[in-house]
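>>> Predicted model and sequence below, questions to follow.
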Amino acid sequence: MNPVNETLAMNAVPTPLAFPPANEPAAPEPSARKAHVTIRGLTKRFGDQSLYENFDLDLPRGRVVTFFGPNGCGKSTLINMICGLIPMDAGEVLFDGKTREETTIGYVFQNYRDALFPWKKAADNIQYPLRLRGVPKADARRRVEELVAEFEVKFDLNRYPWELSGGQQQLVSIMRALAPRPEVVFLDEPFSALDYEATLSIRERLQATFMRSGVTTVIVSHDLEEAVYLADEVFLLTKRPTRVAEVVDVGLARPRGVQTLSQPDFVRTRAHCLEVFQREVRR
Amino acid sequence: MKRFEATLARLVVLVGPLLIIGLWWVAAAAKWVSPKLLPDPWSTLQTLWTSVMEGAIWADFRGTAVRTLYAFAIAAVAGIPAGIVLGANRTIYRSVEFAIDFFRSTPATAMFPLFLLVFGIGEFSQVAVAAFAAWLVILFNVAYGVMNARQTRILAARVMGATTGQVFRHVMFFESLPQTFVGLRVGVSMALVVIIVAEMFIGSSNGMGRRIIDAQQVFDLAQMYASILVTGVLGYGLNVFFLALERHFVRWSGK
C-alpha cells in the first residue's frame, strides 16, 4: 500500500480507505473517517498580513494528526484558535457539531514550567481539571491513580512541579490534559523543551495511550521525523496565507519503535513530506 | 576539620557587627570624637540594658510598634484589593499610573502638614501619613504582581474550563502573591520610617522617635544611641518576620 496520498485539497481525505456515504452508519472501528473537528471559513489577520484566509479543515476522529509546516505559518496559532485561546477574525470551529464551550478538550503546552501550577503538588495539578468540573475529591484521586498505572509513573506525585525533572513535569502536564477524558487532545510542540531521553520515553507512553484510548489527537511539531513517526496523518501546511498543502497518510503499524525509523515505508513517507515541504518553502 | 570550617563559615556573618563595635570602641577610647558626642560602646550597651530591664523603654517601643502595625494594617486592607483591581484592568491602571508614580516619588514626610490639617494634631495623623505611604507601595506591588501573572498559566486554566472568576481565584491570586509579599515587606518598613519621623516632629507623648529626640535634646547621648539601636532591632525584626512569612507562603516563588 502506498502510504503517500497525493490528494491536494483543503479538506483532503486520505484515499487508501473509502469515505463512507454520509447517511450510512459509520463503522465503529477507531479509524472510521468521520470528521471529529470541523473548521470552516477560518480567517486570521495580523495587521494587513493574512495568516489564514477562509481556511477549511477536517480533523479525523480517533486518529493522531500532526501539523508540520514552514516557520511562521501559524501551526501553534491554528491549534490555539481551535481551542479558543486566541480569537479568530472569522470562522467557525465545531467538535462533533458542538461548540468549544460544550466540549472537553486537553491541551499540553510546550513550556511545561509555565503551564503547571507551582503552588499545587503534581497530583493536585492533575486533579485540577476534574475539581473544576465538580468531581468529588475521592473520584479525582482515583482517576490520578488510573493515570499513574497507565503511564507507569515511578516518581512521587506528592512533590511540587519544581521538584521534578523537565520530563517528569511534561508527563504531569500530559496527565493533567488527559485527566477529564477529553474528546480531543492538543499538544503544542510537547517535546521541544525536553532532552532526547525524556522525549523517547514520553513518546512511547503517549503512543501506548493513543492505542488504548483512541482519543483524537492533534500535535504541532517542528521536527519532520517526529511528525511522521507520531502521526496517523501528517498535515503539511504552506507558507502564509496558510493552506493545507497535502495530507499524508502514514500507514505504519503500531506500536512503532526505534526500528520503525529505518523501515523503508517510514523513510519513503518522510522523504515525500520533505519534498512537499521544500516545494512549499520555495514557492 | 570539615566541621570546623563549617562553623567558621557561619561565624563570618559576625565580622561586620564586630568591626563596627571595634571601630566605635577605638574611636571613643582614642578620643577621635569628643566623648560628649560619642560615648563608648560599653556605656551605651549598659544604658540599653538598664532601660530594657527597668522597663522605661517598653512604653515607647510598644507605642511605635503598635502605630506601625496599625498603619500597615490599614495600608494592607486598602491596598491589596485596590491593587488587584488595578492590575486586572489595564485601562484603570493606565488612568491612575501617573498619579501613583507621582505620589510614590513624593516623600511621604512632605505630606505631614496636609495630614495635620485634615486629621488634626495627634496620633492618628501620624498613623494616617504612614498608612498612606505604605498603601502606595503595597498597591503598586500588588498591581504589578497581577499584571505580570504568567499568561501560559492563565491560558492553561481557561482551556481546562475555568471561568473568569475561577481564573482569578485559582491562578491570578497565586501568581500575584510573591510580588504582594514584597510589597508588604517594603510597606511595613516604610510605615516604620514615617512613624519614627512623625513621632519626632508631630507632637507625640511616646514612641521611639520621641525617645530619640528627647535624649538628644537633653544631651543624653548614651540613651540616644541605645534608642537608635532598639529602633533598628524593631525594623530588622519586622523585616525578618515578613521574609519568613514570604518564604512560608510562596515557597514556589520564581519557579
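Perfect, thanks for sending it.

>>> Stretch A:208-217 near chain B anywhere?
No: Stretch A:208-217 stays clear of chain B (Cβ under 8 Å from any Cβ of the partner chain), getting no nearer than 15.3 Å. The C-beta positions use only the backbone N, C-alpha and C, and glycine is treated the same way.

>>> Give me the buried positions along that stretch.
Neighbour counts over stretch A:208-217 (16 or more other Cβ atoms under 10 Å in any protein chain shown) mark A:209-210, A:213, A:215-217 as buried.

>>> Could you do stretch B:19-38 as well?
B:24, B:28, B:38.

>>> Next: stretch B:247-255.
Here stretch B:247-255 shows B:250, B:252 as buried, counting by 16+ other Cβ under 10 Å.

>>> quick check: mean pLDDT across that stretch?
For stretch B:247-255, the mean per-residue pLDDT is 84.

>>> Of the buried residues of stretch A:208-217, which belong to helices?
Per DSSP state H, helices hold the following members of the buried residues of stretch A:208-217: A:209-210, A:213.

>>> Dump these into TSV; add pLDDT as well.
Putting those into TSV (pLDDT from 0 to 100) gives the following:
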residue	pLDDT
A:209	91
A:210	92
A:213	91
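
>>> Looking at the residues you listed, which one is closest to residue A:51?
residue A:210 (29.3 Å; Cβ to Cβ).

>>> Buried residues, the lowest-mean-pLDDT helix or strand in chain B. List them.
Every helix and strand of chain B was ranked by mean pLDDT, DSSP states H and E. The lowest is helix B:2-11, at a mean of 83. By neighbour count on 16+ other Cβ under 10 Å, the buried set for helix B:2-11 is empty.

>>> about what we covered before: if we look at chain A, which of the buried residues of stretch B:19-38 are close to it?
Applying Cβ under 8 Å from any Cβ to these, none is adjacent to chain A.

>>> in the stretch 151-283 of chain A, what residue is nearest chain B?
residue A:162 (3.6 Å; Cβ to the nearest Cβ).

>>> Quick check on that residue: phi, psi?
Backbone torsions for residue A:162, taken as degrees, to the nearest 10, come to phi -70, psi 0.

>>> where's the closest residue to chain A within the stretch 1-150 of chain B relative to residue A:84, distance?
The minimum distance from the stretch 1-150 of chain B to chain A, using Cβ to the nearest Cβ, falls at residue B:150 (5.0 Å). Here the criterion is Cβ to Cβ, to the nearest Å. By it, residue B:150 lies 19 Å from residue A:84.

>>> Residue A:149 too?
32 Å.

>>> who's more crowded, the two?
The residue with more neighbours, out of residue A:149 and residue A:84, is residue A:84; 17 against 9, by other Cβ atoms under 10 Å in any protein chain shown.

>>> Assumed that one was part of a strand.
No: under DSSP: H, G, I helix; E, B strand; the rest coil, residue A:84 sits outside any strand and is assigned coil.

>>> Now it. Nearest residue, chain neighbours left out?
residue A:100 (4.5 Å; Cβ to Cβ, 6 or more residues apart in numbering or on different chains).

>>> residues in contact with the one you found?
A:82-84, A:93 (Cβ atoms under 8 Å, 6 or more residues apart in numbering or on different chains).

>>> Quick check: which ranges of the chain have low pLDDT?
I'll assume chain A. Residues of chain A that meet the criterion pLDDT under 70 lie in A:1-33.

>>> Let me rephrase: I mean chain B.
Checking chain B against pLDDT under 70 turns up B:1.

>>> Which residues of it lie near chain A?
B:150-153, B:155-162, B:166, B:170-171, B:174, B:177, B:250-252, B:255.

>>> how much space is there between residue B:153 and residue B:98?
30 Å.

>>> Then residue B:177?
27 Å.

>>> and these two? which has more neighbours close in?
Legend: neighbour count by other Cβ under 10 Å for residue B:177 and residue B:98, higher for residue B:177 (18 against 9).

>>> Could you pull up the contacting residues of the residue nearest to that one when sequence neighbours are not counted?
Distances taken as Cβ to Cβ, 6+ apart put residue B:250 closest to residue B:177, at 5.1 Å, once the chain neighbours are dropped. Shown in contact with residue B:250 (Cβ under 8 Å, 6+ apart): A:119, B:177-178, B:181.

>>> can you check residue A:195 too?
Contacts of residue A:195 by Cβ under 8 Å, 6+ apart are A:166-167.

>>> Summarise which helices and strands the helix or strand encompassing residue A:246 is packed against.
Per DSSP states H and E, residue A:246 falls inside strand A:244-249. When contacts are defined as 3 or more Cβ pairs under 8 Å, 6 or more residues apart in numbering or on different chains; DSSP states H and E, strand A:244-249 packs onto strand A:233-237, helix A:264-282.

>>> Could you say which of those is packed most deeply?
strand A:233-237 (a mean of 24; mean count of other Cβ atoms under 10 Å in any protein chain shown).

>>> What are the contacting residues of that one?
By Cβ under 8 Å, 6+ apart, strand A:233-237 touches A:14, A:57, A:60, A:63-70, A:73-75, A:78, A:227-228, A:243-250, A:269, A:273, A:276-277, A:280.

>>> Appreciated, that's everything.
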